[in-house]
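# Only the shape, not the letters, is given here:
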């Protein structure tokens, strides 16, 4: 049996296990910030260090090799101030952006990659 009650300002979760009750302490107010950042396909594939905006000043973030669109990366201690002290984290969502217009050389390089690669993104949809 699980119930939730409001005591003072904090929700407290109470769970009964056998004959004893466990009361979870309240979680601190959310202090995490979220943002998004555009990265080039080669930055996502190869990894890179990019500059992203944070609440106070631009910060450096490492994109790991093989990063995927929609992946969230954490910048520890770059979020909002917490009431209990310290700071939350900033979570940056990766958005992979292709060049809007390819130069002839870029097009040639993408064609070489397509010919060489055996990767098929649609195979991931089937769980493969």
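Here it is on my side, so go on. All values reported here derive from a predicted model rather than from experimental measurement.

# Skip the chain neighbours and tell me the closest residue to the residue nearest the centre of the chain.
Closest residue to the average C-alpha location of the chain: residue 72 at 1.0 Å, with Cα atoms, centre = their mean. In space, and not counting its chain neighbours, residue 72 is closest to residue 91: 4.7 Å by Cβ to Cβ, 6 or more residues apart in numbering. Glycine gets a C-beta too; all of them are placed from N, C-alpha and C.

# for this protein, what are the low-confidence residue spans?
Across the chain, residues meeting the criterion (pLDDT under 70) sit at 1-29, 126-128.

# quick one, strands of it?
Secondary structure of the chain (DSSP state E): strands at 2-7, 10-17, 20-23, 33-39, 48-52, 59-63, 72-75, 90-96.

# give the contact list for residue 81.
Contact analysis of residue 81 by Cβ atoms under 8 Å, 6 or more residues apart in numbering lists 31, 87-88.

# rerun at 6 Å
Counting by Cβ atoms under 6 Å, 6 or more residues apart in numbering, residue 81 makes contact with residue 87.

# Please name the bridge partners of it.
Beta-bridge partners of residue 81, counted by DSSP bridges, are residue 87.

# next one: the helix ranked longest in the chain to chain centre, how far?
Ranked by residue count, the top helix of the chain under DSSP state H comes out as helix 104-116. In terms of Cα atoms, centre = their mean, to the nearest Å, the centre of helix 104-116 is set 30 Å apart from its chain centre.

# follow-up on the earlier one: against residue 33, how distant is the residue nearest to residue 72?
7 Å (Cβ to Cβ, to the nearest Å).

# How about residue 92?
As judged by Cβ to Cβ, residue 92 and residue 33 stand 9 Å apart.

# Between the two, which has more neighbouring residues?
Counted by other Cβ atoms under 10 Å, residue 92 and residue 33 do not tie: residue 92 has more neighbours, with 25 against 17.

# Thought residue 35 was touching the more buried one, still the case?
Yes - with contact defined as Cβ atoms under 6 Å, residue 92 reaches residue 35; the gap is 5.4 Å.

# Measure how buried the closest residue to residue 99 other than its chain neighbours is and give me the count.
Leaving aside its chain neighbours, residue 99 sits nearest to residue 106 (6.4 Å; criterion: Cβ to Cβ, 6+ apart). By the criterion of other Cβ under 10 Å, residue 106 has 12 neighbours.
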